[in-house]
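> Sharing a sequence plus its predicted fold:
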Amino acid sequence: MSATQMSLDSLIAHARTHKMKPGEKRAQRVSLIMGLRSRQSTLTREKVEELLDENEGREVGAEEG
């Protein structure tokens, strides 16, 4: 069912039961960091992902679920 076919109530009910996958959590973390950086920042999405990999001990090229 597409989002345009679902009512707001059913979307909220679905969101309450949705369990985020690790890849979804990571994408949200990257998005948050990118959104919080200043306008003058030269920080790139790739650098954010690299820093998260280092911080989380993830091997480069590891697959997300």
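Perfect, I can see it now. Being a predicted model, the structure only gives us computed values, none of them experimental.

> rest of the way, CA atoms for contacts and neighbours
OK.

> Return the distance of the helix or strand bottoming out on mean pLDDT in the chain from the chain's centre.
Across the helices and strands of the chain, mean pLDDT, DSSP states H and E gives its lowest value to helix 8-17, namely a mean of 91. Offset of helix 8-17 from its chain centre (Cα atoms, centre = their mean, to the nearest Å): 19 Å.

> tally of neighbours for V30?
The tally of other residues near V30 (other Cα atoms under 10 Å) stands at 17.

> What of R26?
15.

> Where does the prediction get shaky in this structure?
By pLDDT under 70, the low-scoring segments of the chain are 1-5, 60-65.

> all helices for it, in order.
For the chain, the helices defined by DSSP state H cover 8-17, 22-36, 45-56.

> Please identify the buried residues of the first one?
Of the residues in helix 8-17, none count as buried by neighbour count, 16 or more other Cα atoms under 10 Å.

> again with stretch 26-41
Neighbour-count burial for stretch 26-41 [16+ other Cα under 10 Å]: V30.

> ok, residues contacting that stretch?
L43, T44, R45, V48, E49 (Cα atoms under 8 Å, 6 or more residues apart in numbering).

> For K19, state which of those residues is nearest.
Checking the contacts of stretch 26-41 against K19 with Cα to Cα, the nearest one is E49 at 22.2 Å.

> any idea how far that closest one is from T17?
28 Å (Cα to Cα, to the nearest Å).

> any idea how far E49 is from R39?
On the measure of Cα to Cα, E49 and R39 end up 19 Å apart.
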